[in-house]
Structure formats: C-alpha cells, structure tokens
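Trainee: Quick one, fold the following:
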Amino acid sequence: MASPIEWSIHEDARRSFDARAEQLASRLRHPREEELPSKPTYQPDVHIAAALSEEHVADMGLLDPGGNPIARSFLASNGAEIGLFGDDHREFIRLVESIQRTETLRRHVSRAFLSHVAFEWIRARHAGDAAMPLMNTVLQRCRASVRSMQVWVPIADLHVLADLPFGRVRFSSIARSQFDQTIAFVRERGERETQDVTTELRGIERRRREYQGRAAVVVDVVAESQHARDLAVDLAQEAVDYLRVFHPSHLYLRPACHLDVWGATPVRTAACLIYGHQIWEETLEEQTDVPTRPLVCDREYVAILNDLGLASIGDLLTRNQQAPFVTLLLGALRRYSRSVLALAEDERLLRVIVALETMLLADSSEAIQQNIADRLAYYLETDGPSRRAVVDDVKRAYGVRSRYVHHGQGMDEITQLERFLEIAWRFFLKVIKDADKYQDKVSFIQALDEIKYA
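Mentor: Residues are numbered from 1 along each chain as shown. Predicted coordinates for the structure are as follows:
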C-alpha cells in the first residue's frame with residue numbers, strides 16, 4: 001500500500017540538484033588506463049555456479065580495497081565503457097548524499113536507492129531518453145517505491161512464546177500459519193495466472209525450514225525496500241543488544257552467547273574432507289563453539305525481564321528527548337551487552353571493563369582502578385565488609401587485565417573473575433532503574449562520591 005507522503009523539496013534545492021546532475025551527465029567519459037581495475041595475477045580454480053553476461057549488468061561499479069565505490073560506468077550502445085570516474089564520481093556521491101539529506105527523503109529512501117535512480121537518469125540523459133529533470137524522476141520513483149511495510153528480522157538463540165513489545169518494535173515468533181498462508185496465496189495466483197510457481201514454492205519451503213518458530217523483531221516502516229531493510233536491521237540489532245543485557249551468560253566467562261540478529265554471530269564450525277582411494281570418502285563438520293542455551297521468553301519470563309529493567313529501557317528509547325545521562329547509559333549498555341558475544345575470555349573481560357569505565361570515570365586524569373572499585377562498592381553495597389569485598393574483586397579483575405594486556409599472560413582465575421562479572425551485572429541492572437535520577441555523568445559521579453565521603 002502506497003504511503004500518503006507529501007513528496008516535496010524546496011524549489012531552490014531542486015534547481016541546484018538538477019543543475020548538478022546535468023553537469024555530471026555532460027562529463028561522462030571513457031576510463032583512463034590507470035582507472036581500470038588491475039587484472040588478478042592468480043585465478044583460483046573455484047567452482048563457477050553461474051555466469052553473467054553483459055546484458056545482465058545494468059551498470060558497473062568499481063570499489064576501493066575498503067569496499068567504497070570509486071567509479072560507476074555502463075556500456076554504451078557501441079559497446080564501449082563510459083561513466084563517472086575520479087573527481088566526477090566523487091561529485092556524484094556528494095550529489096546523492098545531498099539529495100538523501102533532505103527532510104522528506106532521508107526518512108524513507110536509502111542512498112543506494114538514490115544512487116541507482118540518479119545514475120539511471122544520467123545514463124538515460126546520455127542516450128537522449130530522459131525527458132524529465134533528475135528531481136522529477138527521483139520523486140516519481142519515490143512515490144512508486146515507498147510504501148508501508150512490516151519487516152520481520154529473525155533472531156538467533158531466542159524463542160518468544162508471548163509477544164514482547166519493546167520501545168518502537170516488538171519481539172514475536174514466526175508462525176507456521178504465516179508460511180501456510182503464503183503458500184496458499186502463491187498457489188492460487190499460479191492457478192489464476194497459469195504460471196509455474198514450483199521454484200517459488202521451493203524457496204518458501206526453504207525459508208520455512210530455516211525460520212518457522214524462530215523469534216523475530218517486528219518493525220513497521222514506511223520506506224522503499226532497501227531503506228526498510230536497513231532501518232529494520234538497525235532497530236532489531238538495537239533491541240537485541242538491550243535484551244541481551246539480561247542474559248545469564250553475563251555471570252560467566254564462558255561459553256559465548258549467540259543471542260543476536262540471525263547470521264550476525266554464527267556458531268563456528270570446522271570442516272574436514274577425507275580423501276582416500278582417489279575419491280572424497282567423507283566430509284566431517286564439527287561445531288567448535290559451545291553456545292549457551294536459547295533464551296525462552298514466555299509470559300512469566302517476560303514479566304521478570306520487565307521487572308529487571310527491560311521495560312525501563314524501552315521507555316527511555318521512546319522519549320523524544322533524552323538527558324545526557326540516559327544517552328550515556330544507553331550507549332554503555334550496548335557495549336556491555338556485546339561483551340558476551342566474545343569467544344575469548346580476555347576479550348569479554350576487556351569489553352566489560354570498558355563499559356564500566358564509560359559510566360564511572362570522570363575524565364582521563366583520574367586513577368582508574370581505585371575510582372572504579374570505590375564507586376562500584378559505594379553504589380552497590382551499604383556495609384563495610386561488603387564494600388571491601390567489591391573493591392578486592394574489582395582490583396583483582398584489573399590485575400588480571402593488566403597481566404594480559406601488558407604481559408600476555410592468560411586468565412586462570414575464573415571463579416574470582418566471575419565474581420567481578422556479577423558486580424558489573426548488578427551495577428548495570430541498578431543504574432537502569434536509577435536513570436532518571438541524574439542529569440549527566442558529572443552529577444552521577446558526584447552523587448557516588450558524596451556517599452563515599454559522607
């Protein structure tokens with residue numbers, strides 16, 4: 001369903017964009033020798049599953065080693081390559097970025113979409129087929145492509161037995177009925193239009209085997225498909241990061257947690273091919289990770305999560321304006337949450353320490369170890385012996401970190417380090433509930449120091 005958006009851009013901006021596009025269209029040229037990609041000196045003998053001919057490629061892009069586009073070209077009617085290179089291509093990127101930053105477009109279309117539309121227009125202008133100025137074409141394509149849609153982003157290591165609203169999204173479960181309805185629709189369409197839908201049905205069944213019953217983050221967006229995907233994945237990653245704050249794996253150094261957007265943190269496997277008697281006799285694949293158990297969210301567990309602070313985070317995310325302390329906390333929570341994705345114990349410990357220092361250090365001139373230990377102790381405990389125990393556990397963890405970072409020594413004090421991990425978890429669960437008590441980090445640290453020196 002098309003969205004009732006007022007597609008309008010200030011007239012001065014339209015004229016500027018159109019003029020810049022006309023200049024770019026006039027600067028199309030053949031690539032120079034140094035602008036062509038170098039041919040590889042070695043061609044691996046990998047299996048080629050399919051080959052594309054020139055007729056399959058609408059336009060061609062050249063990437064630098066970092067994956068950034070540095071040229072864009074196409075084959076003209078005479079078979080010669082023509083396009084935008086060097087400074088001209090950089091101007092093309094700046095034009096697309098300027099268009100995408102306009103108030104109307106930035107919420108609904110991606111730069112990739114606009115790049116494709118703009119270069120299509122330049123190509124048509126070269127061929128004499130572009131009847132309208134660029135911005136007329138852009139807005140026409142936006143009207144045709146932007147629509148309301150619901151995007152489901154599958155989540156690994158999570159089962160949701162009851163819908164879990166969170167901020168501007170919700171966690172839900174991909175149901176059998178959704179695939180049944182899709183298959184029935186495709187079959188009915190095939191019969192109505194006398195089409196062979198066998199391949200399409202196979203694809204649906206393949207997706208059913210992979211995703212049915214899995215949890216997903218559900219996002220309602222109004223956008224073209226690429227921008228909808230980008231927005232949905234970003235919001236899903238954010239939601240999963242905050243949910244992972246409450247995962248029990250934060251209390252242990254191992255194993256790694258795999259609660260993440262589907263495919264973002266794959267379980268590692270090792271493959272072995274056994275060759276004998278001049279044939280491949282066997283292929284062995286073994287899982288090398290020992291993942292945590294999937295998190296199962298029924299109504300009772302959802303209530304526990306909300307009581308621990310998940311609902312509070314959801315509320316913070318939906319506010320139009322956030323205090324500096326809330327912004328600081330939300331960023332630190334995501335860093336802390338991602339610590340349990342680390343496979344190595346040393347990396348996990350370092351990520352936890354970084355998240356704590358983000359919240360508890362006033363500036364870079366402070367004595368790190370003593371201030372972190374004292375502020376955790378006075379924030380979490382009320383009696384002397386308990387505070388002393390927190391200080392000892394924190395300093396011990398910093399000692400292990402120092403021996404690893406500066407001397408390359410491993411971590412063999414698992415029990416003591418897990419006491420530190422429990423302290424970190426308690427700190428973040430408590431500060432979530434205290435988020436509205438402080439305006440910024442300065443007021444938070446002042447409040448902790450006042451407890452210490454009271």
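Trainee: Specify the local secondary structure of residue 296.
Mentor: Following DSSP: H, G, I helix; E, B strand; the rest coil, the label given to residue 296 is strand.
Trainee: So residue 77 is in contact with residue 127, correct?
Mentor: Yes. With contact defined as C-beta atoms under 8 Å, residue 77 counts as touching residue 127 (7.2 Å). C-beta coordinates here come from the backbone N, C-alpha and C atoms, glycine included.
Trainee: More neighbours: those two, which one.
Mentor: residue 127 (11 against 8; other C-beta atoms under 10 Å).
Trainee: Okay, that one and residue 82: tell me how far apart.
Mentor: Plainly put, residue 127 is 11 Å away from residue 82 if you go by C-beta to C-beta, to the nearest Å.
Trainee: so what's residue 397 up against?
Mentor: 349, 353, 416-417, 420 (C-beta atoms under 8 Å, 6 or more residues apart in numbering).
Trainee: how about a cut-off of 7 Å?
Mentor: Neighbouring residues of residue 397 by C-beta atoms under 7 Å, 6 or more residues apart in numbering: 349, 417, 420.
Trainee: ok, and for the strand or helix carrying the second one, which residues are buried?
Mentor: Residue 417 is located in helix 414-433, with elements delineated by DSSP states H and E. With burial defined by 16 or more other C-beta atoms under 10 Å, the residues of helix 414-433 counted as buried are 417-421, 423-428, 431-432.
Trainee: Stretch 282-293: end-to-end distance?
Mentor: Using C-alpha to C-alpha, to the nearest Å, the end-to-end distance of stretch 282-293 comes to 30 Å.
Trainee: Including distance to residue 120 and pLDDT, could the buried residues of helix 414-433 go into CSV?
Mentor: Conversion of the buried residues of helix 414-433 to CSV gives the following (distance: C-beta to C-beta, whole Å; pLDDT from 0 to 100):
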residue, distance to residue 120, pLDDT
417, 57, 89
418, 57, 91
419, 61, 93
420, 57, 95
421, 53, 96
423, 57, 97
424, 52, 98
425, 52, 98
426, 56, 98
427, 53, 98
428, 49, 98
431, 51, 98
432, 48, 98
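Trainee: which one of these sits closest to residue 332?
Mentor: Of all the buried residues of helix 414-433, residue 428 has the smallest distance to residue 332: 7.7 Å, by C-beta to C-beta.
Trainee: ok, the closest one touching residue 335?
Mentor: No. Residue 428 is not in contact with residue 335 according to C-beta atoms under 7 Å; the separation is 10.4 Å.
Trainee: neighbours of residue 275, just the number please.
Mentor: Other residues near residue 275 number 9, with proximity taken as other C-beta under 10 Å.
Trainee: quick one: contacts for it?
Mentor: Contacts of residue 275 by C-beta under 7 Å, 6+ apart are residue 281.
Trainee: same deal with residue 305?
Mentor: Neighbours of residue 305 in contact, by C-beta under 7 Å, 6+ apart: residue 246.
Trainee: Show the pLDDT at residue 414.
Mentor: Looking at residue 414, its pLDDT stands at 72.
Trainee: With residue 67 instead?
Mentor: On pLDDT, residue 67 comes in at 72.
Trainee: Please apply the same query to the one 3 residues further on.
Mentor: What the model reports as pLDDT for residue 70 is 83.
Trainee: Correct me if wrong, but it is in a helix.
Mentor: No. Using three-state DSSP, the assignment for residue 70 is strand, not a helix.
Trainee: right, and it touches residue 62 too?
Mentor: Yes. Judged on C-beta under 7 Å, residue 70 makes contact with residue 62 at a distance of 5.5 Å.
Trainee: Domains in the protein, by residue range?
Mentor: Domain ranges of the chain: 11-36+57-145, 148-273, 321-453, per automatic domain parsing.
Trainee: okay, those domains in JSON lines with distance to residue 305 next?
Mentor: As requested, these are exported to JSON lines (distance: least, C-beta to C-beta, whole Å):
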{"stretch": "domain 11-36+57-145", "distance to residue 305": "31"}
{"stretch": "domain 148-273", "distance to residue 305": "5"}
{"stretch": "domain 321-453", "distance to residue 305": "11"}
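Trainee: Tell me the bridge partners for residue 154.
Mentor: Applying DSSP bridges to residue 154 yields these beta-bridge partners: residue 216.
Trainee: Residue 142 against residue 107, yeah?
Mentor: No. Residue 142 lies out of contact with residue 107 (C-beta under 7 Å); the separation is 11.2 Å.
Trainee: between the two, which one's more packed in?
Mentor: Using other C-beta under 10 Å as the criterion, residue 142 and residue 107 rank with residue 142 on top: 21 against 14.
Trainee: Nearest to residue 48 among the domains of the chain would be which one?
Mentor: Nearest of the domains of the chain (C-beta to C-beta): domain 11-36+57-145, 16.4 Å.
Trainee: from the middle of its chain, how far away would that closest one be?
Mentor: For domain 11-36+57-145, the distance from its own C-alpha centre to the chain's C-alpha centre is 27 Å (C-alpha atoms, centre = their mean, to the nearest Å).
Trainee: Could you do stretch 304-322 as well?
Mentor: In terms of C-alpha atoms, centre = their mean, the centre of stretch 304-322 is set 20 Å apart from its chain centre.
Trainee: next one: stretch 293-300
Mentor: Worked out by C-alpha atoms, centre = their mean, stretch 293-300 lies 23 Å from the chain centre.
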